[in-house]
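[1] Fold the following and give me the result.
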Amino acid sequence: MTVDRALFATTFTTLPDWPCPTCGKGHLKADKDALLNQETGPSKAAHEHDAWDPEWIERRFAALLTCNFANCGDLVAVLGDVSIVEEFGYHYEGEPTQEFNERLKPRSLSPAPLPIRPPEDSPELVKDALREAAGLIWQSAEGAANQVRQAVEHLMDEQGVIKSAPGAFVPLHNRIKEFESKDPKNAEILLAVKWLGNNGSHAGGLTRDDVFDAFDMVELVLVNLYDTTTATIMAKVKAINTQKGPVKPTP
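    Residues are numbered from 1 along each chain as shown. From the prediction side, this is the model:
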C-alpha cells in the first residue's frame, strides 16, 4: 500500500479516522463532546479593530481520540490550530453563497499514526525511526525526512553493511552503494530516500508530499525484504500441486 494522503492533509473540516498507531487494526474516533475548541485571547481582542474580519479569528483545539478496536482502545492526544476560511459556492437554485467555515490544522499527535504499514518482521529500530518520522510530519517535513533517512541507516545495519571503517565513518551513500552489490533493486530505491533525507537538512527543502514519497519507498523496500506473504502462499501452491489437492495439516 501507499500513503493515503487524504488522511495526512494539512487541514481538515473534521478529524479523519486515522489508523491506530498501537494495534494497527482499529481507527481513531473523536468524541465531539470531548473536543476542546476555543478562541485565543489576542484573537478576541482583535474583534475591537475597525477592520476586523472573521478570517482574523484564531482558535486552538485539543482532543483525545480512541481506537475503536475492542481489544485495543488506546488513546491518542491531538492538538492544533483552528482557522476560519471564507468559502464560496452556489445554492441549489443557482444563487452564489458565502460561508465562513472552520479548518482544523493538527500540530501534534501522540502517539502518531504511521502513514504506512511495515511488514511485521521489519526490524524494530527501523520501525522506531519511522514512528519518530510520523510524529514530525505535523511539525516539520524536514525533521520527518531526516528520521526516514535514519530508518535507512538502521536498515543498512540490519543488512550487515558496515557503518565505520578503521579511522573513518562510512557515509550512508557509500553504504547504499555497498548494499547495491547484493541487492541493486532495493539499493536504487534507498538511494532516492537518501537524497530526499539530505534535502531535509535545509529549511524549506522538502514538502510534505516529498516525505510521503520517502515513506512509500521505504515501505516498498521493507515489503521486498521482510514480507513473507508471497513465500507462504507459494509454498502452499507447490504443496497443493504436489498432492493434486488439499494438503492435510501435520498431526
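[2] could you point out which element follows the host helix or strand of Val126?
    Element membership for Val126, per DSSP states H and E: helix 124-136. Per DSSP H and E, the first helix or strand lying C-terminal to helix 124-136 is helix 141-158.
[3] Summarise which helices and strands that following helix is packed against.
    Based on contacts counted as 3 or more Cβ pairs under 8 Å, 6 or more residues apart in numbering; DSSP states H and E, the elements that helix 141-158 packs against are helix 124-136, helix 172-180, helix 184-199, helix 208-226. Quick note: C-beta positions are derived from backbone N, CA and C, even for glycine.
[4] now the angle between helix 124-136 and the last one, please.
    Between the axes of helix 208-226 and helix 124-136, defined by axes from the mean of the first three to the mean of the last three Cα atoms, to 10 degrees, the angle is 160 degrees.
[5] which other residues reach helix 208-226?
    For helix 208-226, contacts defined as Cβ atoms under 8 Å, 6 or more residues apart in numbering pick out 1-3, 5, 8, 10, 115-123, 126, 130, 133, 137, 141, 144-145, 148-149, 151-152, 155, 159, 185-186, 189-190, 192-193, 196-197, 199-200.
[6] Quick check: closest non-adjacent residue to Phe88.
    Computed as Cβ to Cβ, 6 or more residues apart in numbering, the closest residue to Phe88 that is not its neighbour in sequence is Gln98, at 5.7 Å.
[7] Using the three-state scheme, assign the one you found.
    Put simply, Gln98 is strand when judged by DSSP: H, G, I helix; E, B strand; the rest coil.
[8] Just say helix, strand or coil for Thr250.
    coil.
[9] quick one: stretch 73-92 to chain centroid distance?
    For stretch 73-92, the separation from the chain centroid amounts to 19 Å (computed by Cα atoms, centre = their mean, to the nearest Å).
[10] do stretch 88-106 as well
    Centre to centre, stretch against its chain (Cα atoms, centre = their mean), the figure for stretch 88-106 is 30 Å.
[11] Also stretch 61-80?
    That offset, for stretch 61-80, works out to 16 Å (Cα atoms, centre = their mean).
[12] Can you name the residues in contact with it?
    Here stretch 61-80 has contacts from 15, 18, 20-23, 25-31, 34-38, 60, 81-82, 104-113, 138, using Cβ under 8 Å, 6+ apart.
[13] among the contacts of helix 208-226, which ones are buried?
    3, 8, 115-116, 118, 122-123, 126, 130, 133, 137, 141, 144-145, 148-149, 151-152, 155, 159, 186, 189-190, 193, 196-197, 199-200 (16 or more other Cβ atoms under 10 Å).
[14] Give the next helix or strand downstream of the helix-or-strand element of the chain with minimal mean pLDDT.
    Using mean pLDDT, DSSP states H and E, the weakest-scoring helix or strand in the chain turns out to be strand 164-165, at a mean of 78. Once strand 164-165 ends, the next helix or strand along the chain (criterion: DSSP H and E) is strand 168-169.
[15] and that next one, which strands flank it?
    strand 164-165 (antiparallel) (DSSP bridges).
[16] pLDDT weak spots in the protein?
    Along the chain, segments meeting pLDDT under 70 span 89-91, 94, 201-204, 251.
[17] quick one on the thing from earlier: what helices and strands are in contact with the helix holding Val126?
    Partner elements for helix 124-136 (3+ Cβ pairs under 8 Å, 6+ apart): strand 96-110, helix 141-158, helix 208-226.
[18] how about the CA coordinates for the longest one, as PDB?
    To tie it back to what came earlier, the one meant is helix 208-226. C-alpha atoms of helix 208-226 as PDB (Å, rounded to 0.1, in the frame of the first residue of the first chain):
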ATOM      1  CA  ARG A 208       5.000  17.000   2.900                       C
ATOM      2  CA  ASP A 209       4.400  15.100  -0.300                       C
ATOM      3  CA  ASP A 210       8.200  14.600  -0.600                       C
ATOM      4  CA  VAL A 211       8.200  13.000   2.800                       C
ATOM      5  CA  PHE A 212       5.200  10.700   1.900                       C
ATOM      6  CA  ASP A 213       7.200   9.700  -1.200                       C
ATOM      7  CA  ALA A 214      10.000   8.700   1.100                       C
ATOM      8  CA  PHE A 215       7.600   6.700   3.300                       C
ATOM      9  CA  ASP A 216       6.200   4.900   0.200                       C
ATOM     10  CA  MET A 217       9.700   4.000  -1.000                       C
ATOM     11  CA  VAL A 218      10.900   2.600   2.400                       C
ATOM     12  CA  GLU A 219       7.700   0.600   2.700                       C
ATOM     13  CA  LEU A 220       8.300  -0.900  -0.700                       C
ATOM     14  CA  VAL A 221      11.900  -1.900   0.300                       C
ATOM     15  CA  LEU A 222      10.600  -3.400   3.600                       C
ATOM     16  CA  VAL A 223       8.000  -5.400   1.800                       C
ATOM     17  CA  ASN A 224      10.600  -6.700  -0.700                       C
ATOM     18  CA  LEU A 225      12.900  -7.700   2.200                       C
ATOM     19  CA  TYR A 226      10.700  -8.800   5.000                       C
END
